[in-house]
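Trainee: What follows is a predicted protein model with its sequence.
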Number of protein chains: 2
Amino acid sequence: MSKKYVYFFGDKKADGNGKMKEVLGGKGAGLAEMTNIGILVPAGFTISTEVCTYFYENNKYPEGLEEEVKENLNKVEEVMGKKFGDKENLLLLSDRSGARVSMPGMMDTVLNLGLNDETIEGLIKKTSNPRFAYDCYRRLIQMYGDVVMGVPHSEFESILSEIKKEKGAKSDIELDSEALKELVLRFQDLIKKKKSEDFPAEPFKQLWGSIKAVFKSWNTKRAREYRKINNIPDNWGTAVNVQAMVYGNMGKESATGVAFTRNPATGENVFYGEYLVNAQGEDVVAGIRTPHPLNKIQKGDSDLISLEEEMPEIYKELDEIRNKLEKHFRDVQDLEFTIENGKLYILQTRTGKRTALSAVKIAVDMMKEGLITREEAVARVAPEHLDQLLHPMLDPKAKFKVVAKGLPASPGAASGKVVFSSEKAMALLKDKKEQLILVRLETSPEDVGGMNVCQGILTARGGMTSHAAVVARGMGKPCVVGCGALDVNYEKNQFTVAGKTVKEDDCITIDGASGSLILGDVPKIKPELTGDFGELMRWADDLRRLGVRANADNPKDAKVARDFGAEGIGLCRTEHMFFSQDRIDPMRQMILADTKEERENALKKILPIQEEDFIGIFRVMDGYPVIIRTLDPPLHEFLPKERKEQEELAKKLGVDFEKIARRVEELSEINPMLGYRGCRLGLTYPEITEMQAKAIFGAACKVAKEGVKVIPEVMIPLVAIKEELKLQRDIVERVAEKVMEKEGIKIKYMIGTMIELPRAALTADEIAEFADFFSYGTNDLTQTTFGFSRDDVAKFINIYIDKGILPNDPFQVMDQTGVGELVKMGIDKGRKTKPELEVGICGEHGGEPASVEFCHRIGLDYVSCSPYRVPIARLAAAHAVLREKGIL
Amino acid sequence: MSKKYVYFFGDKKADGNGKMKEVLGGKGAGLAEMTNIGILVPAGFTISTEVCTYFYENNKYPEGLEEEVKENLNKVEEVMGKKFGDKENLLLLSDRSGARVSMPGMMDTVLNLGLNDETIEGLIKKTSNPRFAYDCYRRLIQMYGDVVMGVPHSEFESILSEIKKEKGAKSDIELDSEALKELVLRFQDLIKKKKSEDFPAEPFKQLWGSIKAVFKSWNTKRAREYRKINNIPDNWGTAVNVQAMVYGNMGKESATGVAFTRNPATGENVFYGEYLVNAQGEDVVAGIRTPHPLNKIQKGDSDLISLEEEMPEIYKELDEIRNKLEKHFRDVQDLEFTIENGKLYILQTRTGKRTALSAVKIAVDMMKEGLITREEAVARVAPEHLDQLLHPMLDPKAKFKVVAKGLPASPGAASGKVVFSSEKAMALLKDKKEQLILVRLETSPEDVGGMNVCQGILTARGGMTSHAAVVARGMGKPCVVGCGALDVNYEKNQFTVAGKTVKEDDCITIDGASGSLILGDVPKIKPELTGDFGELMRWADDLRRLGVRANADNPKDAKVARDFGAEGIGLCRTEHMFFSQDRIDPMRQMILADTKEERENALKKILPIQEEDFIGIFRVMDGYPVIIRTLDPPLHEFLPKERKEQEELAKKLGVDFEKIARRVEELSEINPMLGYRGCRLGLTYPEITEMQAKAIFGAACKVAKEGVKVIPEVMIPLVAIKEELKLQRDIVERVAEKVMEKEGIKIKYMIGTMIELPRAALTADEIAEFADFFSYGTNDLTQTTFGFSRDDVAKFINIYIDKGILPNDPFQVMDQTGVGELVKMGIDKGRKTKPELEVGICGEHGGEPASVEFCHRIGLDYVSCSPYRVPIARLAAAHAVLREKGIL
């Protein structure tokens, strides 16, 4: 027997079922499944995706397809009691694409197949509705002409406009049957003129023409691009669904509508939808007539009659179908229905899209209703979706124009007056409370203070892990980076974008979730964390194996992290503490010191400040580990770059301006990323590491005496050579023991290292000799493994993604093939030397779901991410387990 | 039986032999071996290195050592017919250190042990030479007081000066026995005053005190530092050699001297040395008296009588010993001898140090004399030593003062007038011929033209693979980089160093072999390549398995490379061709182009220039492969940085200045090393790669028609992702086929990639799908693997080496643990996909001997280095084979 290519559905039994999405596509599988469970679906058949694949491989259909289609068409005719091409009792067909996953708007559809100058007469007779018949006919010619024959849609539209003008009609609806008949003629003429052939009258010619067109639409440029973006393989192919037409526009007993089995915005367990009497599907969404609510609950105070009131029997039937579908599919369904002369047909069912808020509520509710398990409930909420819940967002109802797009660096929406310098921002906010957006070419550590007081940050340069992006995410502040369309002019205090000039004090809005820039203010909504959210997260926590910590540099952030469920600090950067105005001076004195003695004097001033910070963090993190990284950034980041600032500093510190300028010059680097930073500083100036160790253990001893359970872990950055770690470890250990002896208290602590350079991973066996823990700094590791500077990569990364060279930005989603290989190698080598080695990740990837799953799979102990991404990481870690179990 | 710790030698038999350097140290093994082959050596014994190790581990001597020493001392007394501590027939002893490898001047020695106020009387009686006896005694007290008892050497010297003043003596030699006796008394008083104890009279106390002092001298700070620098393990320990004293200063029948079995400067097979009658060892080198030549040949026209004439019998005996030793040790020996009252003793023999020139001659001669095999001859010449032969060097006889040291970036010495800009250098040399040294903070590709016309390059910044270093080595020009003591002031056209100001036009000398800077001119010598050199290199070629290619960017360099024996071009950089004044404009037009069309127009102008260059190179490399790398450096390197130059360019090209400034700004990068360069350019502007492929294959077809055997290999740089290579390969392949079709000729070619990023090595299996060959760019690979910017690393690399964090600069010697691991991984993965994959290396390490050996060991097909290092690589490759065979 030859392979089966066509699958019938109708009269309560279908050849296929809901699990056969690969063969039938999503739409076809849904129609088959509904048919099987006794829901009334207009009969039809699905030509499988394999035909599509065969067609592209062989440039023809498989043998026997025509017969199979005919046989199945016969069955459809039988069930519907009508005949395709019949002049008396005419069956019309629709022809729709349907791939394994939904590709909305990407592929083609042809409706009303089977009409021609002869068969239309029978339809008119049967419906006594010539206007309806001609409307169907002209739509067929228009769709067919466009989709199958390639006559531009616009040319049909201009003829339609002509006729409307001639008839003085404002909308299509005002055209009567005569006018539509005329339209049919002119459409036919248009095709003839453009294509030198007639619109085919023969119904089967129409059918096969449209089938081929649907298959071909799989391979249009826009479809291919869509697949590339959404990672859909080209060889999946699309199925074709040929189905009996039913009409919601046959009179007052007819209607059409869409419905969600629960409210998709809130998740409430309330039937929710819209419909229009005497209308076709597209009318509901076209906005010409206002759709009516489904039921009385939904209706509220509205004057519009609901379906529940207008057609109570039908509503009851629909409501039963709703329950049946939800029970059957165990998830919210998004339905399309048509009522043709009092008979209810379901045209489509699919899993309903939902907001993050509703996803959480639905999952928790369904678990409580016994519809799904706890694990399934956790599986139902996409981790990346949670971002919506944690930040204010643009009101979906607001109307606005996006003038430029950058990279969505840190989610949330913010509006405020433009300010171009951090100092200015801080000065402005000293006197009065204002909403400001900091706009910069790029930010540097000097801007941290300004970023902290502004509502949001917008930069013209930089990638997803640029300074601005990383710091903003850490602060939980909306941020858009790499917005190349911006032409920032610091001198004039303005920027231009899309031909418009925006000056200081003008208001703009940024949306860090989409990377959008909007001129002026836009209303925002602030979603709130519900009890359901907490419940779901607890279920996720029960499931996950991976620990989740947060990157936090101060007590405030640490508190946010704890509130979001972080089980420790995975990365506390000690340098951010020094950029505030009152603290940077001793740091600068230290850098400008000529002798060890001078340096030590400056460090003495820094010591109590650091200690105070650590005390705050330790108190908040009572009972949880805190990983503190020793000084990391190149020293030049702490010195002012501009001559004027250098002069001011010289005056303030009472040193020679020349000296400051010379030191800045000495410290300047061609490739600072690969420069004099990380442990290289601590190794050349051991007194810095010493001071930091003193502050850490001094603070630890103090809070321990208060009764706080303190678990300090000291992390040495940028190690590439085991000796680097050994020498730094020696210092920390020596200081720790000395401080604890002096304070008369013993605290357990660990000393470990960042693994953020390829050589560290390659020689992890050697490095593990001196490390109690590893923490992968995958930002830097991605930079060196790819040879990509995160600050410069914006110049070509989008070209790379567009050309398919990279599937996505490796600074957002960890490159598992290359960087991941190094991470794995480092774990294996490290644990070979020291099986009990604690291994985590503190790069930005620690909060990205796919990367979190990878971390789980390769056996990391924990991930650490910015506080606002902690819930995402917790959920992603649970998903990793579910995927392991085959539940996801 | 307990372990043996003491090894006797004397009277033609020794307990040890020449192979026992680990136990006896180099000196002890040499003394034992000479004794065994019947050469008269003052009897003595060696206390083994194991005693040293035991001493440091247990802080005491092993049991039984004292008895063993006594037993062996008895044997010495027997052989010498004298007795230690005897008042009549006194044996005096020397006590010298001797580690496995020579550590000149690092450890201590005590002579004349056994003298005291009583025993000296016997010595006086026996020698009838009280002055000699008291001179020995005062030397013993001085050495012992300093080395064993810790009284500073300078305090003895100031007493000596006192006495000389009192006696009106100008030199020690003028002091008579009474004066020396007085000196002995004052030395004894000094010790007593400083140490509150007497200088020990007891001979055995003297002996044991000095043995302990020698062991302790193994662990002085300077010895530890020396070992660190020279990679000598601390646990080797030193041996102690206790030997009967013999004296060359006992009268006219006595003498002392040093000799080389062949001339160490030229390698000539002529006995060569110096001696002094009635003198002690140190007198020969002290320069107070002029030493006499050994024989008549050496004497030449000198008035000084030679040993051959003065003591013909002794000379004959010495000459026989010379022959015996050379035959026995099969290498040139460096001897110390003493004639005591007509009796010839050999005090030391060791392998003679030699210049590169003499090393080559000696090796070839000895092979021809049948003394050594070909393989041994090849093994005898150190590859790194060849540098001396290939570049002019400072005359070893010249006297000069080194004012500062930088890194020895490119060997050879050069003198010339200081010039601070490349443009100025080029302008100066347009009109007249001058010797110039280009002095810069650092160089950039814009300086290539200036570097090319100057004699040498000196920079204040940068490491061994900085731009200046790499380009200078390629040009074979002397270069010193990273000379941090330089304070360069471009505005004033001067630099200061060591408190001196050097202006433009002042003359300086640099020595790129040592990294030295000297003010003024210094005479130089220019060694020539001899026939022996060619012969030795041919033997090396027969031995080696590894291919050797050169990095060369133009026909001239290619010719040098061929002359030095390169078997192909391993790296031809296409961008260096564009920095000359007449060529850079189209390149700049290309970069400034707004549209693809404008870009293509500019590229059209570049095409014929490139083609011409390739034609020249292909002709020179007839029959050998030429690997051409597509455009690599970031585009901003081609644009002028200064406003003035930008304005000039704007005028010249007829474009807006603003536009140029904006483009420079757009292209500027925070980390250019990790930026928009390499294949990233070719991927965003495929038309560049297209043009280059056209030029390569156009040139190849043209020379092929001339009858040249052309083997082009196109190399795509900076690949990290297989898709990058695939897309670039597609272009090159398409163009190649098209050009060859058009020209009607078929040429075999290959397309491959640089492996210079960690990700490329990590995913080499994927990349090999699209590569016919790999070439490791270990410069960049070292940068990214370590996270070291070669331009900035000078800030801390020396600290790292000083602290022992790194054994050496990884840009000079390949880091086998980290970078090497990646290289190995890449080869394994690449060959797994494609077993026939050709793999080479074109980083700077390709000319460094240890790295070349590593490349051999891990199975590379070839190394490629700058032309001037090709002979070094050839020899190193042969050495790698010899090491494998156990010959080295």
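Mentor: Structure received.

Trainee: Do you know the pLDDT at A:Glu50?
Mentor: Looking at A:Glu50, its pLDDT stands at 95.

Trainee: give me phi/psi at it?
Mentor: phi -60, psi -30 (degrees, to the nearest 10).

Trainee: Make sure it is actually in contact with A:Leu24.
Mentor: No - the criterion here is C-beta atoms under 8 Å, and A:Glu50 misses it with A:Leu24 at 10.2 Å. In short, each C-beta sits where N, CA and C put it, glycine included.

Trainee: more neighbours, these two?
Mentor: The neighbour comparison of A:Glu50 against A:Leu24 (other C-beta atoms under 10 Å in any protein chain shown) goes to A:Leu24, with 29 against 16.

Trainee: how far away is that one from chain B?
Mentor: 33 Å (C-beta to the nearest C-beta, to the nearest Å).

Trainee: residues contacting that residue?
Mentor: Applying C-beta atoms under 8 Å, 6 or more residues apart in numbering or on different chains to A:Leu24 gives the contacts A:7, A:16, A:32, A:46, A:48-49, A:98, A:239.

Trainee: PyMOL command to pick out the buried ones of these?
Mentor: In PyMOL, this line selects whichever of these come out buried by 16 or more other C-beta atoms under 10 Å in any protein chain shown:
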select buried, chain A and resi 7+16+32+46+48+49+98+239
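
Trainee: got the contacts of A:Leu24 as CSV, with secondary structure columns?
Mentor: Formatted as CSV, the contacts of A:Leu24 follow (DSSP: H, G, I helix; E, B strand; the rest coil):
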residue, secondary structure
A:Tyr7, strand
A:Gly16, coil
A:Ala32, helix
A:Thr46, strand
A:Ser48, coil
A:Thr49, helix
A:Gly98, strand
A:Ala239, strand
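
Trainee: right, and the pair among the contacts of A:Leu24 with maximum separation?
Mentor: A:Ala32 and A:Thr49 (13.7 Å; C-beta to C-beta).

Trainee: From the contact counts, what lies against the strand or helix carrying A:Leu428?
Mentor: According to DSSP states H and E, A:Leu428 maps onto helix A:422-431. Packing partners of helix A:422-431 (3 or more C-beta pairs under 8 Å, 6 or more residues apart in numbering or on different chains; DSSP states H and E): strand A:436-440, helix A:448-453.

Trainee: Pull up the pairing partners for the next helix or strand after the longest one, direction included.
Mentor: Right, the one you point to is helix A:448-453. Going down the chain from helix A:448-453, the next helix or strand is strand A:456-459, by DSSP H and E. Applying DSSP bridges to the sheet, strand A:456-459 is found paired with strand A:436-440 (parallel), strand A:479-481 (parallel).

Trainee: quick one on the thing from earlier: point out the least confident one among the contacts of A:Leu24.
Mentor: Among the contacts of A:Leu24, A:Gly98 has the lowest pLDDT, at 92.

Trainee: Return the residues in contact with it.
Mentor: A:24-28, A:46, A:238-241.

Trainee: Top of those by number of neighbours, please.
Mentor: Going by other C-beta under 10 Å, A:Gly28 tops the contacts of A:Gly98 with 33 neighbours.

Trainee: Tell me who's in contact with that residue.
Mentor: A:Gly28 neighbours (C-beta under 8 Å, 6+ apart): A:7, A:9, A:16, A:20, A:46, A:98, A:239, A:241.

Trainee: The helix or strand containing A:Gly820 to helix B:819-833, inter-axis angle?
Mentor: Using DSSP H and E, A:Gly820 sits in helix A:819-833. Angle, helix A:819-833 to helix B:819-833, by axes from the mean of the first three to the mean of the last three C-alpha atoms, to 10 degrees: 120 degrees.

Trainee: Number of residues surrounding the closest residue to chain B within the stretch 51-200 of chain A?
Mentor: Of all residues in the stretch 51-200 of chain A, A:Tyr56 sits closest to chain B, at 22.2 Å by C-beta to the nearest C-beta. Per other C-beta under 10 Å, the neighbour tally for A:Tyr56 reads 15.

Trainee: three-state assignment of it?
Mentor: Assignment for A:Tyr56 (three-state DSSP): helix.

Trainee: what do you get for A:Pro200?
Mentor: coil.

Trainee: ok, which pair from the contacts of A:Gly98 is furthest apart?
Mentor: A:Gly26 and A:Val240 (13.1 Å).

Trainee: hang on, the earlier thing: with chain B in mind, check whether the helix holding A:Gly820 reaches it.
Mentor: Yes - against chain B, helix A:819-833 shows contacts by C-beta under 8 Å from any C-beta of the partner chain at A:819, A:821-822.

Trainee: Stretch A:777-784 close to chain B?
Mentor: Yes - Stretch A:777-784 reaches chain B (C-beta under 8 Å from any C-beta) through A:780, A:783-784.

Trainee: the helices in the stretch 501-650 of chain A, which residues?
Mentor: Ranges of helices in the stretch 501-650 of chain A, per DSSP state H, counting those that start in this stretch, are A:531-543, A:555-563, A:584-592, A:596-620, A:643-653.

Trainee: Which of those sits closest to A:Asp772?
Mentor: Of those, nearest to A:Asp772 by C-beta to C-beta is helix A:596-620, at 18.5 Å.
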